[in-house]
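>>> This is a predicted model, with the sequence first.
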Amino acid sequence: MMVYENDNFKMKLDYKKIHIGNLIRGEVNASKIENDRICSFMNCNEKEIEEMYQAKDLPTNVLLKWCKLLEYDFFRIYSQHLILFSAPKSNIADGRENKSALPSFRKNLYTKELIKFVLELIQTGEKTKEQIIEEYRIPKNTLLK
């Protein structure tokens with residue numbers, strides 16, 4: 001669990017249980033954007049905005065609008081979830097290469113929050129470096145840096 005901080009806002013961010021509406025509300029409060037501007041940008045009313053704050057998840061097109069309005073990449077939170085909690089993917093299945101039309105990303109994203117999380121695990125003794133390398137599939141050289 002990470003502590004998500006902004007200048008005027010602090011909350012715990014659990015990468016296992018992402019509640020995107022709460023995170024958006026926190027960022028709106030921190031950035032002090034007026035409801036009129038939000039409603040105009042999102043093309044909806046205050047009731048619909050409040051429903052979005054209550055939502056555990058949102059459609060990607062709506063989340064993309066929030067990212068643009070708040071100038072924050074909320075999709076990265078989901079990327080961190082994938083890095084921490086998804087099973088490793090094998091590129092070769094049954095002796096054949098997996099050919100996907102989707103782009104292939106060579107490197108994982110390690111945000112400041114994730115780096116802080118991993119360092120806290122090591123400093124508190126909750127996990128060893130070897131456990132972190134094994135469980136989160138972070139390369140040894142990357143962890144040592």
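Nice, thanks for sending it over.
>>> Give me the domain ranges for the chain.
2-81, 108-145 (automatic domain parsing).
>>> Pipe those into TSV and attach mean neighbour count, distance to K99 and mean pLDDT per row.
Quick note: C-beta positions are derived from backbone N, CA and C, even for glycine. Shown next, in TSV, are the domains of the chain (neighbours: other CB atoms under 10 Å; distance: least, CB to CB, whole Å; pLDDT from 0 to 100):
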stretch	mean neighbour count	distance to K99	mean pLDDT
domain 2-81	14	23	86
domain 108-145	13	22	82
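>>> Can you tell me which of those is nearest to A101?
Checking those against A101 by CB to CB gives domain 2-81 as the closest, at 18.2 Å.
>>> mind checking the SS state of K16?
Under DSSP: H, G, I helix; E, B strand; the rest coil, the three-state class of K16 is coil.
>>> Spit out the contact partners of it.
Neighbouring residues of K16 by CB atoms under 8 Å, 6 or more residues apart in numbering: H81, F85.
>>> From Y78, how far out is it?
Look at K16 and Y78: by CB to CB, to the nearest Å, they are 12 Å apart.
>>> mind listing the helices in this protein by residue range?
Secondary structure of the chain (DSSP state H): helices at 20-31, 35-42, 46-54, 60-70, 75-85, 112-123, 129-136, 140-144.
>>> follow-up on the earlier one: now the domains of the chain in a markdown table, with distance to S100?
Compiled in a markdown table, the domains of the chain are given as follows (distance: least, CB to CB, whole Å):
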| stretch | distance to S100 |
| --- | --- |
| domain 2-81 | 18 |
| domain 108-145 | 18 |
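>>> Identify the residue spatially nearest to the spatially most central residue of the chain, adjacent ones excluded.
The centre of the chain sits closest to I77, judged by CA atoms, centre = their mean, with a distance of 0.3 Å. Closest residue to I77 apart from its sequence neighbours, by CB to CB, 6 or more residues apart in numbering: I18 at 5.9 Å.
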